[in-house]
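S.K.: Fold the following.
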Amino acid sequence: MSKKLNSLISEAYEFQVCAFFNKWIKSYYHIDHFAILIVLPDDNILHVSTNSLLVKHYNQMNFIQHDYAMNPAMYKNWPYYPWDCSDDIITSKAVSFRKNQWGLNAGTNFVRKIKTDQGEFFIIYAVATHRNGELAKYHFTCNANAIFEIGDFSYNNLRHIFQENTFYNLPKIETFKFFSAGISINNNGQKIPGKLINFYSDEPRHQPQLTLVK
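M.R.: Model prediction:
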């Protein structure tokens with residue numbers, strides 16, 4: 001399993017992260033909670049969240065060591081997956097903790113894998129909603145590209161926070177990589193049916209539409 005989350009970064013930058021969240025993300029596709037986790041080549045994790053207290057308690061309860069939502073088998077192999085991706089006891093407790101203590105009824109992790117000369121970086125966008133209902137857990141995955149796009153936009157604009165806390169030269173996401181399950185999309189934007197797209201294709205799709213207004 002990956003090492004512990006560094007909740008000190010979330011605590012130190014919580015005001016800045018929350019201000020960014022409230023301006024650009026809150027309620028976008030019903031997002032009520034947002035976090036970015038960067039798994040570095042040495043397996044340490046940098047993390048910022050809109051709720052540093054949640055992260056602190058999550059660490060204190062040692063969920064990350066057994067929560068399947070943070071298992072390398074998940075984020076190294078899947079482009080996105082729900083927090084309740086396993087019914088094992090610890091994962092179920094972690095899901096119940098977020099739901100009962102913080103009202104996060106459905107959460108999903110979206111993953112960008114970036115290969116560099118320094119090694120592989122896994123950038124995880126964790127989103128959650130207060131919405132109830134069986135369909136809530138599918139809402140994010142049905143809008144995967146919108147979540148990836150706001151995630152990439154957020155990572156690029158908050159990257160300086162992470163950079164101040166690591167010796168790695170963190171990559172910038174220059175082009176948006178379109179995700180599509182069950183079809184491929186060529187450079188001309190044409191859909192090719194009957195072929196499962198490579199989740200982590202190095203082929204760029206289109207430029208992000210969101211830009212930070214200064």
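
S.K.: This structure: strands as residue ranges?
M.R.: 33-39, 45-49, 80-82, 106-116, 119-129, 183-185, 191-193 (DSSP state E).

S.K.: Quick check: which ranges of this protein have low pLDDT?
M.R.: Across the chain, the ranges flagged by pLDDT under 70 are 1-8, 64-66, 86-88, 90-91, 180-214.

S.K.: which stretches of it form helices?
M.R.: Secondary structure of the chain by DSSP state H: the helices cover 7-12, 14-24, 52-60, 72-75, 89-102, 136-139, 144-163.

S.K.: could I get the strands of the chain as a markdown table with distance to residue 14 and mean neighbour count?
M.R.: C-beta coordinates here come from the backbone N, C-alpha and C atoms, glycine included. Shown next, in a markdown table, are those (distance: least, C-beta to C-beta, whole Å; neighbours: other C-beta atoms under 10 Å):
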| stretch | distance to residue 14 | mean neighbour count |
| --- | --- | --- |
| strand 33-39 | 11 | 23 |
| strand 45-49 | 8 | 24 |
| strand 80-82 | 25 | 19 |
| strand 106-116 | 19 | 20 |
| strand 119-129 | 15 | 21 |
| strand 183-185 | 38 | 15 |
| strand 191-193 | 42 | 10 |
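
S.K.: Quick one: the ones you listed as JSON lines, columns for distance to residue 141 too.
M.R.: Listed next are those as JSON lines, based on distance: least, C-beta to C-beta, whole Å:
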{"stretch": "strand 33-39", "distance to residue 141": "16"}
{"stretch": "strand 45-49", "distance to residue 141": "21"}
{"stretch": "strand 80-82", "distance to residue 141": "6"}
{"stretch": "strand 106-116", "distance to residue 141": "6"}
{"stretch": "strand 119-129", "distance to residue 141": "10"}
{"stretch": "strand 183-185", "distance to residue 141": "16"}
{"stretch": "strand 191-193", "distance to residue 141": "19"}
